[in-house]
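1. Sequence first, predicted model second:
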Protein chains: 2
Amino acid sequence: MSQAFRLKQAIEDAVIAGEFLPGDRLDEASLAERFGVSRTPIREALLQLGSEGFIDVRPRRGAIVSVPSPTRLFEMFETMAEIESACGRLAARRLTPENDAAMTAAHQACELAARAGDSEQYYADNRIFHEAIYRASCNGFLADQALALHKRLSAYRRIQLRARNRLLQSLQEHAGVLEAIRAGDEQLAATRLHDHVLAQGERFSDMVLGLAERQRAAAAGGRSRAAK
Amino acid sequence: MSQAFRLKQAIEDAVIAGEFLPGDRLDEASLAERFGVSRTPIREALLQLGSEGFIDVRPRRGAIVSVPSPTRLFEMFETMAEIESACGRLAARRLTPENDAAMTAAHQACELAARAGDSEQYYADNRIFHEAIYRASCNGFLADQALALHKRLSAYRRIQLRARNRLLQSLQEHAGVLEAIRAGDEQLAATRLHDHVLAQGERFSDMVLGLAERQRAAAAGGRSRAAK
DNA sequence: TAGATGTTGATTGCATGCTGTATCGATTGT
DNA sequence: ACAATCGATACAGCATGCAATCAACATCTA
């Protein structure tokens, strides 16, 4: 496989894993040194990630992990809610035993993580659960689109799942969604998924302003670190 | 603005304009010569278009304008239907006088083109009408996603609008959508847009097999042209 | 004659070097 | 003392060159 493709995955994974935070600078030279390749494949990887919205490539000014405005972030969550709700509706209509099994297994994994209060584990299993719903729509393209957006929002979802009671509430919402899909109730599945996702977005509206505040503080205090 | 960005737009426009058809090879050297630049910015443009799904970049085998399988194509239309329907629902909920005016103007332009039987003009005005609906959702991110997918499907929409009575039927469906949005009827707007888009997809199911047939024939007969 | 294998040609993938621009700091003038 | 302008440095953008790989064609064998 080509270097650029591997690097794209590696950088994307690093962003999803929280190694690079929104606002962090991604300069070509340091990444090239870190991965032991020249600047060219790094550039190609960065440009692709830019097209997918993970990072902002500002002409002549380098790439940074994208920092959507609060408004934009809410729009992204609202869009996620619409897409997930479409997945849920189709899943309810077309559920197969295999997809049912996959969703159930993922839900049980979430339950274990939630009871243990392990938010990192829940974060991972939550993604598997949602991906199972996407696949259950029996529309591979829609599932790909949903997963891409899910990844883009993962940095923000992670922060938000830190609150412990949110874990249990999220789990309960998952159960409701699963129940509706199993019952073949398209409308209910769509509504519950919509609310489940949008709840995150709304819970976020509060948090975002605080985060933006911290970002600005970090930017002011972190100049020396970046300059070093 | 950077060369790569301009080239990306230029190549994308050429694909949308039908200058490059699905399956056509896009080799770096000829594009570099055509645009008078080196291969590097061409490569960067192609990789970005690949990330956006316009073209397939097969490792070590060059890029071609993507040729989705009939199944994939139907999935794309179904996804488009879901996303447009979400736009319509939000537009009905949030309609402003400015957005109303934009949609109405676009609809009237469509009407002129349809009555004249000018399918190329209708193709252009149709896109403006749909884009007006996306913007009317008052969700910039959702609108961007919708427009990106609309562009990806434009090659197929164009073929299908060639049938003359389809123009008038499409126009009538537009009128119904607009009416529902104006009335603030979210459910009706969503349903009508969903059906409007999916009708294209279904009308396509027939056509796709024939197209695939022609593609194969062209590939067999066109080898010499490609080799020349 | 048909199939398989080796070789050649063409094209992609990556590295490196140079140029132009943006940012940061210093110096000068008000 | 503060602001503005000029210069230096560092980094992105692009071109070019080389190496690796894939595809096509020809040749050889069964």
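-> Sure, I can see it.

2. host element of the residue nearest in space to the middle of chain A?
-> Of all residues in chain A, the one closest to the mean position by CA atoms, centre = their mean is A:Ser154, 2.5 Å from it. Assigned by DSSP states H and E, A:Ser154 falls within helix A:140-160.

3. in that helix, what counts as buried?
-> Of the residues in helix A:140-160, those scored as buried under the neighbour-count criterion (16 or more other CB atoms under 10 Å in any protein chain shown) are A:141-143, A:145-147, A:149-158, A:160. In this view, the C-beta of every residue, glycine as well, is placed from N, C-alpha and C.

4. so which of the residues you listed are also by chain B?
-> Among these, the residues lying close to chain B (CB under 8 Å from any CB of the partner chain) are A:Phe141, A:Leu142, A:Gln145.

5. starting at the chain centroid, how far to the helix or strand A:Asp125 falls within?
-> Counting by DSSP H and E, the element that carries A:Asp125 is helix A:119-136. On the basis of CA atoms, centre = their mean, to the nearest Å, helix A:119-136 is displaced by 10 Å from the centre of the chain it belongs to.

6. Is any residue of it near chain B?
-> No. Shown here: helix A:119-136 not in contact with chain B (CB under 8 Å from any CB), separated by at least 11.3 Å.

7. which stretches of chain A have low pLDDT?
-> Flagging of chain A using pLDDT under 70 yields the residue ranges A:164, A:205-228.

8. now the helices: where do they sit in it?
-> Listed in chain order, the helices of chain A (DSSP state H) span residues A:3-16, A:28-35, A:39-51, A:70-94, A:97-116, A:119-136, A:140-160, A:164-183, A:186-221, A:223-227.

9. what's the spacing between A:Ala92 and DNA strand D?
-> As for A:Ala92, its distance to DNA strand D is 42 Å (criterion: CB to the nearest atom of the strand, to the nearest Å).

10. Can you name the residues that contact A:Leu47?
-> Listed by CB atoms under 8 Å, 6 or more residues apart in numbering or on different chains, the contact set of A:Leu47 reads A:Val57, B:Ala4, B:Glu44, B:Leu47, B:Gln48, B:Ser51.

11. can we see that at 7 Å?
-> A:Val57, B:Glu44, B:Leu47, B:Gln48 (CB atoms under 7 Å, 6 or more residues apart in numbering or on different chains).

12. and the closest residue in space to the last one that isn't next to it in sequence, how many neighbours does it have?
-> Pointing back at B:Gln48 there. Taking CB to CB, 6 or more residues apart in numbering or on different chains, and ignoring the residues beside it in sequence, B:Gln48 has A:Ser51 as its nearest neighbour in space, at 4.4 Å. A total of 18 residues lie near A:Ser51 under the criterion other CB atoms under 10 Å in any protein chain shown.

13. Next up, phi/psi of A:Ala17, please.
-> For A:Ala17, the backbone dihedrals (degrees, to the nearest 10) come out as phi -70, psi -10.

14. Quick check: the gap between it and chain B.
-> Remark: distance between A:Ala17 and chain B (CB to the nearest CB, to the nearest Å) = 21 Å.

15. Also A:Arg39?
-> The value you get for A:Arg39 to chain B, if CB to the nearest CB is used, is 11 Å.

16. Counting neighbours, what do you get for A:Ala116?
-> With neighbours defined by other CB under 10 Å, the count for A:Ala116 comes to 11.

17. And for A:Gly18?
-> As a burial measure, the neighbour count of A:Gly18 was computed by other CB under 10 Å and equals 13.

18. and if you look at A:Ala114?
-> Neighbours of A:Ala114 (other CB under 10 Å): 24.

19. Kindly report the same for A:Glu52.
-> The number of residues packed near A:Glu52 is 16, by other CB under 10 Å.

20. Now do it against B:Gly50, distance only.
-> For A:Glu52, the distance to B:Gly50 under the criterion CB to CB, to the nearest Å works out to 11 Å.

21. Just the C-alphas of the helix holding A:Ser154, formatted as PDB.
-> Extracted in PDB, the C-alpha atoms of helix A:140-160 (Å, rounded to 0.1, in the frame of the first residue of the first chain):
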ATOM      1  CA  GLY A 140     -23.300   0.700   2.200                       C
ATOM      2  CA  PHE A 141     -22.900   4.300   0.900                       C
ATOM      3  CA  LEU A 142     -25.000   5.800   3.600                       C
ATOM      4  CA  ALA A 143     -23.100   3.800   6.200                       C
ATOM      5  CA  ASP A 144     -19.800   5.100   4.900                       C
ATOM      6  CA  GLN A 145     -21.100   8.700   5.000                       C
ATOM      7  CA  ALA A 146     -22.400   8.200   8.500                       C
ATOM      8  CA  LEU A 147     -19.100   6.700   9.700                       C
ATOM      9  CA  ALA A 148     -17.000   9.400   8.200                       C
ATOM     10  CA  LEU A 149     -19.000  12.100  10.000                       C
ATOM     11  CA  HIS A 150     -19.000  10.000  13.200                       C
ATOM     12  CA  LYS A 151     -15.200  10.000  13.000                       C
ATOM     13  CA  ARG A 152     -15.000  13.700  12.500                       C
ATOM     14  CA  LEU A 153     -17.100  14.300  15.600                       C
ATOM     15  CA  SER A 154     -15.300  11.800  17.700                       C
ATOM     16  CA  ALA A 155     -12.900  14.300  19.300                       C
ATOM     17  CA  TYR A 156     -16.000  16.100  20.700                       C
ATOM     18  CA  ARG A 157     -17.900  13.000  21.700                       C
ATOM     19  CA  ARG A 158     -15.000  11.800  23.800                       C
ATOM     20  CA  ILE A 159     -14.900  14.900  26.000                       C
ATOM     21  CA  GLN A 160     -18.600  14.800  26.600                       C
END
